[in-house]
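>>> kindly generate the corresponding structure for this input.
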Amino acid sequence: MDDLPPPILLEILRRLADSADVARCGVSSKTLNSLAAELRSVNLHWSYLHYAKSRSPPTTRSSITPFKEVFNRLVSELRIVESVSIGVEKPLRFAAYEDIEDEDDDLFLSDVDFVKAWLPRVCGDLVSLSISDFWVQSCWRRSDVLSLISSYCLKLVELEIKNAWLSVDSLTPMPNLTTLTLEFIRLDDENLEKVNECFPCLQVLNLIGVGGLKEPKIHLAHLKTCHWTLSNAPISISIIAPNLIELTLTCVKPKLLFIEAPLLSQLSLSLENASNFKVKEFSRLRKLHLESTSLRNLLATFPFGKSVNNLTAVSTRWEVPVGVCKSIFELLLCAFPNVSSLTLTAGVWSEFEAYPGLGGLEFRVRMEGLKEITAYLTVNDIEVTLATIVSLLDSCSGVSDISMFIHRDVVSHVTSSLISRCVYHMAHRASLRWKWGMWKEGTKDAWISEGICQPSFQSFQFVNEF
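Purely as a prediction, here's the structure:
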C-alpha cells in the first residue's frame, strides 16, 4: 500500500468513518501515519465493549486507554481540524441510569474542563461539532459547554449535542451557526429565549426530546427546516418563522399551538389535541402528515387544508365510532377538499371499515381530484375489507392508482384471495393500477407486486415469510 500515490492514500484514510481505525492504520504504516496528520476531522465513538472493559478488574482495565486520553491524542496530531464528532455508541447511549451506577466522569463529554483542554486549539477552523454524551454520567451534571463553544467557535456552522444537561448562562451570539441539533437535552431555557437570541441565523433546527420547557417560542427569521419533538407538555407552543418550508412537530396536548409560517409547504403534525389551535393561512402547504389520538376531534376544528394535495392520516388510538354522521374518510375529504394523494394508516382504515358511510359520501362528496390512495390493512374480516375497498373505489371514480399494504401476520391464502377478488370486482375500471405490499410495526414496508393493471392481472401465490 505504501507504493500508492499519497493523494490516493489520503483519500482512503478520509473514507474511514472511525478515527480509531485511522490510528490503527498509522501504526501499521509510516506513510499512512504521516498522512493522517493531513486529515481535517476526528470521529470517535466509544462502544459498550470498551466501557465494560474499563469497569472490569484492574488486570483487564489496564489494557483500555481512557476515551478522553485517546481523543486528546488524536486531535493533537492534526494540523487543521474542521470537524469533530465524539460520543458513545447507541447501546451505551440509551443505558438507563437505574441499570448502571456510575459516578465517574470519563465519558462525561460535555464537561467544560474536558472540552476546554482541546477546543481553543482547533476552534479557528472548526465548522462542525457533535457531542453525544453518556446520559448516566451527564444527566446530573449541569454543563456550561454551550457558553464555552459560543466564546471560541466563531466560524462554527453546525452544532449537535445529545444526552446532556445544558445551561445557557453567558451564552453569546453565534451568527455563523446555521444548523443546531439538541437531542434528549435538559435545557435551562424554558421559553427558548436564549436560543432565539444567540442563534439568529439558524436555517435548520432539530429539538428532539428537549425537556424543561414551559412556554417555548421559536422566532427565527431565517429558519427553513424544523424538527421539534417535545418530551413534556408545555402550556403553549409558538413558531414564528417567515421562511420556514418544512416542519415536523410532535407534542402532547398544548393549551395553545400557534404557527406563523407563510411559506410552509410540508408539515408533519402529531398531537393529541390542541385546546386553541391558531395558524396564519398556509397558502403554500402541499404535503401534510397528520397524527392524533383524537383524529376526528382534530379534523372538526382544523384551521386549514384547502391547499393540501398530499395527505397522510394516522390515528394512534382507534375506537368504534358511536353516534357519528360522517365517516372518517368524509371528514378527511371535507377538511382537505383538494387532496390528490391520500394515505390511510391502519387505525384510520379500521375505523373506516367500522363506519364507511359511503352511501352519503357517494352523493355528497365526489372527489374527482383524488388520484392516488394508499391504505394499510389488518384484514380482520376479508368480506368487510373487500366491501370497503370496492365501495371506496366506486365512490372515487377519479382514482387511477391504489396501493394496499396487508399486515404480514395475515395468512397467505387470505392475502392472495383479497388481491384476486379486488381486481376481479373492479374489472370494469380498466385503467386502475394496483400495487400490493406487506407491512408490520417496526419493519420496512415491502412490495409483493407492482403496477398491476386490470387486463393483465394474473393470480399470485404468496408465502407467509413476507
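>>> use CA for all of it now, contacts and neighbours both
OK.
>>> and residue 72, how many neighbours?
Neighbourhood size, residue 72 [other CA atoms under 10 Å]: 14.
>>> pull the contacting residues for it.
Each residue near residue 72 by CA atoms under 8 Å, 6 or more residues apart in numbering is listed here: residue 118.
>>> could you measure from it over to residue 148?
18 Å (CA to CA, to the nearest Å).
>>> do the same with residue 289
Counting by CA to CA, the gap from residue 289 to residue 148 is 39 Å.
>>> ok, the two, which is more surrounded?
residue 148 (19 against 16).
>>> next SSE after the helix or strand containing the more buried one?
Per DSSP states H and E, residue 148 falls inside helix 145-152. Sequence-wise, the next helix or strand downstream of helix 145-152 (DSSP H and E) is strand 158-166.
>>> report the contact partners of the residue nearest the centre of the chain.
Nearest residue to the geometric centre of the chain (CA atoms, centre = their mean): residue 227, 7.4 Å. Residues near residue 227 by CA under 8 Å, 6+ apart: 205, 206, 207, 208, 247, 248, 249.
>>> would you mind putting those residues into a markdown table with pLDDT and secondary structure alongside?
Shown next, in a markdown table, are these (pLDDT from 0 to 100; DSSP: H, G, I helix; E, B strand; the rest coil):
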| residue | pLDDT | secondary structure |
| --- | --- | --- |
| 205 | 98 | strand |
| 206 | 98 | strand |
| 207 | 97 | strand |
| 208 | 95 | strand |
| 247 | 97 | strand |
| 248 | 97 | strand |
| 249 | 95 | strand |
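>>> show me what contacts residue 332?
Counted by CA under 8 Å, 6+ apart, residue 332 has contacts residue 299.
>>> three-state assignment of it?
Here residue 332 is helix, with the state taken from DSSP: H, G, I helix; E, B strand; the rest coil.
>>> quickly note the distance from it to residue 326.
With the distance defined as CA to CA, residue 332 ends up 10 Å from residue 326.
>>> for the stretch 201-350 of the chain, give me the ranges with low pLDDT.
Scanning the stretch 201-350 of the chain for pLDDT under 70 picks out 273-275, 318-325.
>>> in it, which spans are strands?
Secondary structure of the stretch 201-350 of the chain (DSSP state E, counting those that start in this stretch): strands at 204-210, 217-219, 225-230, 236-240, 246-250, 256-260, 266-270, 276-279, 287-292, 310-315, 341-344.
>>> would JSON lines of those with distance to residue 419 be doable?
Shown next, in JSON lines, are the strands of the stretch 201-350 of the chain (distance: least, CA to CA, whole Å):
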{"stretch": "strand 204-210", "distance to residue 419": "40"}
{"stretch": "strand 217-219", "distance to residue 419": "48"}
{"stretch": "strand 225-230", "distance to residue 419": "38"}
{"stretch": "strand 236-240", "distance to residue 419": "45"}
{"stretch": "strand 246-250", "distance to residue 419": "35"}
{"stretch": "strand 256-260", "distance to residue 419": "43"}
{"stretch": "strand 266-270", "distance to residue 419": "31"}
{"stretch": "strand 276-279", "distance to residue 419": "41"}
{"stretch": "strand 287-292", "distance to residue 419": "27"}
{"stretch": "strand 310-315", "distance to residue 419": "23"}
{"stretch": "strand 341-344", "distance to residue 419": "18"}
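>>> ok so, going back, most widely separated two among the contacts of residue 227?
208 and 247 (12.9 Å; CA to CA).
>>> common neighbours of the two, please.
Applying CA under 8 Å, 6+ apart, one finds that residue 208 and residue 247 are jointly contacted by 227, 228.
>>> what's the local residue count around residue 195?
19.
>>> please list all residues in contact with residue 251.
229, 230, 231, 232, 233, 270, 271, 272.
>>> just give the nearest non-adjacent residue to the fourth one, would you?
Right, the one you point to is residue 232. Of all residues not flanking residue 232 in the chain, residue 211 sits nearest, at 6.2 Å (CA to CA, 6 or more residues apart in numbering).
>>> my read: the one you found touches residue 230, true?
Yes: Residue 211 is within contact range of residue 230, at 7.1 Å (criterion: CA atoms under 8 Å).
>>> that's a helix at residue 392, yeah?
Yes: looking at residue 392 with three-state DSSP, it is inside a helix.
>>> and the closest residue to residue 260 other than its chain neighbours, how many neighbours?
If you skip the residues right next to it in sequence, residue 260 has residue 240 as its closest partner in space, 4.8 Å away by CA to CA, 6+ apart. A count of nearby residues for residue 240, using other CA under 10 Å, gives 18.
>>> could you do residue 258 as well?
When neighbours are defined as other CA under 10 Å, residue 258 has 17 of them.
>>> with residue 444 instead?
Using other CA under 10 Å, residue 444 is surrounded by 9 other residues.
>>> tell me the pLDDT at it?
Here, the pLDDT recorded for residue 444 equals 93.
>>> how near is it to residue 408?
11 Å.
>>> now residue 392
For residue 392, the distance to residue 408 (CA to CA) stands at 23 Å.
>>> also residue 271?
For residue 271, the distance to residue 408 (CA to CA) stands at 28 Å.
>>> how long is stretch 376-384 end to end?
14 Å.
>>> same thing with stretch 276-292?
15 Å.
>>> and it, what's buried?
Residues of stretch 276-292 classed as buried by neighbour count (16 or more other CA atoms under 10 Å): 277-279, 281-292.
>>> low-confidence ranges in the stretch 1-150 of the chain?
The model of the stretch 1-150 of the chain has pLDDT under 70 over residues 1-38, 55-63, 90-102.
>>> which residue ranges form the strands in it?
41-46, 83-88, 128-132, 142-143.
>>> tell me which other helices or strands the second one touches.
In terms of contacts (3 or more CA pairs under 8 Å, 6 or more residues apart in numbering; DSSP states H and E), strand 83-88 is packed against strand 41-46, strand 128-132.
>>> got JSON lines for the ones you listed, with mean neighbour count too?
Converted to JSON lines, these look like this (neighbours: other CA atoms under 10 Å):
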{"stretch": "strand 41-46", "mean neighbour count": "20"}
{"stretch": "strand 128-132", "mean neighbour count": "21"}
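>>> TSV for these, including distance to residue 352?
Listed next are those as TSV, based on distance: least, CA to CA, whole Å:
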stretch	distance to residue 352
strand 41-46	47
strand 128-132	44
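>>> out of the ones you listed, nearest to residue 349?
Closest to residue 349 of the helices and strands packed on strand 83-88 is strand 128-132 (CA to CA; 39.7 Å).
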